[in-house]
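Chemist: what shape does this take:
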Amino acid sequence: MEWNNHTPPGTPPSTLIAPDEAHVPESFHVFRYTADAVEETELDDVAKLADLRKREGVTWVNFDGLGNLEMVRALGALLDLHPLALEDVLHTRQRPKADDYESNIFVVLRMLHFENGVETEQVSMFLGSDYVVTFQEHPGDCLDPIRERLRKGTGQLRRQGADFLMYAIIDTIIDNYFPFLEQVGEVVEELEDEVVENPTRQTLGRVHEIKRGLLDVRRSIWPLRDAVNTLIRDESALLGKTARTYLRDCYDHTIHVLDVVETYRELAGGLMDVYLSSVSNKMNEVMKVLTIIATIFIPLTFIAGVYGMNFEKMPELRSAWGYPVVWIVMVVVAVIMLVNFRRKGWLGGDKRE
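Modeler: Alright, predicted model coming up:
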């Protein structure tokens with residue numbers, strides 16, 4: 001993941017620059033709801049949103065993509081969104097944070113995807129008195145349960161204000177970290193057996209992948225904990241008592257995620273040590289076998305060398321039994337050495353001495 005995607009040095013503040021390869025939405029999705037009714041629509045013009053907001057209720061505006069700068073500027077002008085906050089929306093490598101701009105609260109957090117490896121996506125959110133605006137880098141998210149609750153009217157989401165909707169979005173994004181951590185736990189258990197029994201280079205690659213994924217989660221959740229704590233602690237007229245109470249549950253979830261991440265990071269680091277030890281042990285076993293073979297052949301090579309000399313006065317060279325006797329002696333020496341190695345436990349037997 002690239003974390004160094006910044007504007008060129010010297011760029012004036014509040015300059016809006018679309019990210020590279022940003023999705024360009026032609027419309028944005030809007031929920032307008034009250035306790036009794038909900039209206040869901042796609043709009044292609046921010047001016048139509050102004051007419052929709054004249055009605056009673058809470059508005060949730062969601063942008064899937066950051067490539068349409070005209071819509072971003074128009075929405076900023078309509079809702080009085082601070083230019084610096086809009087700049088942070090388009091700089092998609094922001095740390096999770098919460099900033100209070102009086103007329104609205106700006107929150108940045110990271111949403112986790114793990115279909116093809118671990119990836120995080122920046123979600124920027126504005127909370128106003130009667131609206132929530134969310135900006136996502138790409139279409140597709142984990143917020144469908146919230147949409148279904150709004151459509152069906154289950155729970156208390158439609159009976160609460162915009163601040164409760166912001167809490168629900170934050171809570172859902174944080175809860176989406178837990179399925180990934182469950183997968184990590186299963187993979188770590190498999191790798192623990194694999195690194196002991198049959199460690200391979202593929203095993204090492206999987207361990208590195210797990211460590212990188214956990215690092216991304218840690219980068220995303222650690223500052224988010226502080227951001228949620230800021231929302232709970234700082235006084236703001238936009239956040240009611242009910243939303244603050246529920247945000248404490250979000251804070252507890254971030255602590256839980258951090259604890260699990262740190263535990264798995266330690267286990268992954270331990271797997272690296274176990275992998276290196278297992279590879280070293282396998283190499284030691286191979287070297288032990290080679291050493292035993294070489295040790296057995298040392299006296300045999302000595303005997304063969306002695307009787308390979310062509311001195312005329314060596315009586316064994318002319319003996320009819322010389323050749324088989326030498327073979328018998330060499331075999332007996334090899335057997336004695338093998339028995340001795342086995343007694344010492346060097347060949348996998350029980351050590352008796």
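
Chemist: is it true that Met111 touches Gly140?
Modeler: No. Checked against CB atoms under 8 Å, the pair Met111 and Gly140 is beyond contact range at 9.7 Å. All C-beta atoms are positioned from the backbone trio N, CA, C, and that covers glycine.

Chemist: between those two, tell me which one has more neighbours.
Modeler: Neighbours per residue, other CB atoms under 10 Å: of Met111 and Gly140, the larger number sits with Met111, 23 against 13.

Chemist: confirm that one sits in a strand?
Modeler: Yes. Met111 forms part of a strand when assessed by DSSP: H, G, I helix; E, B strand; the rest coil.

Chemist: who does it bridge with?
Modeler: Glu121 (DSSP bridges).

Chemist: tell me the pLDDT at it?
Modeler: The score at Met111 is 91. That number is its pLDDT.

Chemist: any idea how far Thr120 is from it?
Modeler: Distance, Met111 to Thr120, using CB to CB, to the nearest Å: 7 Å.

Chemist: who's in contact with the nearest residue to Asp141 once chain neighbours are set aside?
Modeler: Using CB to CB, 6 or more residues apart in numbering and skipping the chain neighbours, the partner closest in space to Asp141 is Met111 (6.2 Å). Met111 is in contact with 120-123, 136, 141-142, 173, 176, counting by CB atoms under 8 Å, 6 or more residues apart in numbering.

Chemist: burial of Trp321, as a residue count?
Modeler: 9.

Chemist: now do it against Met309, distance only.
Modeler: For Trp321, the distance to Met309 (CB to CB) stands at 19 Å.

Chemist: can you check Ala35 too?
Modeler: 108 Å.

Chemist: may I ask which helix or strand encompasses the most centrally placed residue in the chain?
Modeler: The centroid of the chain falls nearest to Gly213 when counting by CA atoms, centre = their mean (2.2 Å). Element membership for Gly213, per DSSP states H and E: helix 201-233.

Chemist: can you list the buried residues in that helix?
Modeler: Going by neighbour count (16 or more other CB atoms under 10 Å), the buried part of helix 201-233 is 203-204, 206-207, 210-211, 213-214, 216-221, 223-225, 227-232.

Chemist: now do stretch 82-91
Modeler: Within stretch 82-91, the residues scored as buried using 16+ other CB under 10 Å are 82, 85-91.

Chemist: quick one: contacts of that stretch?
Modeler: The contact list for stretch 82-91 (CB under 8 Å, 6+ apart) reads 5-7, 13-19, 66, 72-73, 76, 94, 99, 101, 104, 106, 108, 124, 126, 135.

Chemist: just the CA atoms of it, as CSV, please.
Modeler: Presented in CSV, the C-alpha positions along stretch 82-91 are these (Å, rounded to 0.1, in the frame of the first residue of the first chain):
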residue,chain,number,x,y,z
HIS,A,82,-14.4,23.7,5.2
PRO,A,83,-12.0,23.8,2.2
LEU,A,84,-9.2,22.2,4.3
ALA,A,85,-11.6,19.3,5.1
LEU,A,86,-12.4,18.8,1.5
GLU,A,87,-8.7,18.8,0.7
ASP,A,88,-8.3,16.0,3.2
VAL,A,89,-11.2,14.1,1.6
LEU,A,90,-9.2,13.9,-1.7
HIS,A,91,-5.9,13.1,0.0
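
Chemist: show the average pLDDT along it.
Modeler: Computed over stretch 82-91, the average pLDDT equals 92.

Chemist: what of stretch 94-101?
Modeler: 92.

Chemist: try stretch 266-282
Modeler: Stretch 266-282 comes out at a mean pLDDT of 81.

Chemist: in it, which residues are buried?
Modeler: Neighbour-count burial for stretch 266-282 [16+ other CB under 10 Å]: 267-268, 271, 274-275, 278-279.
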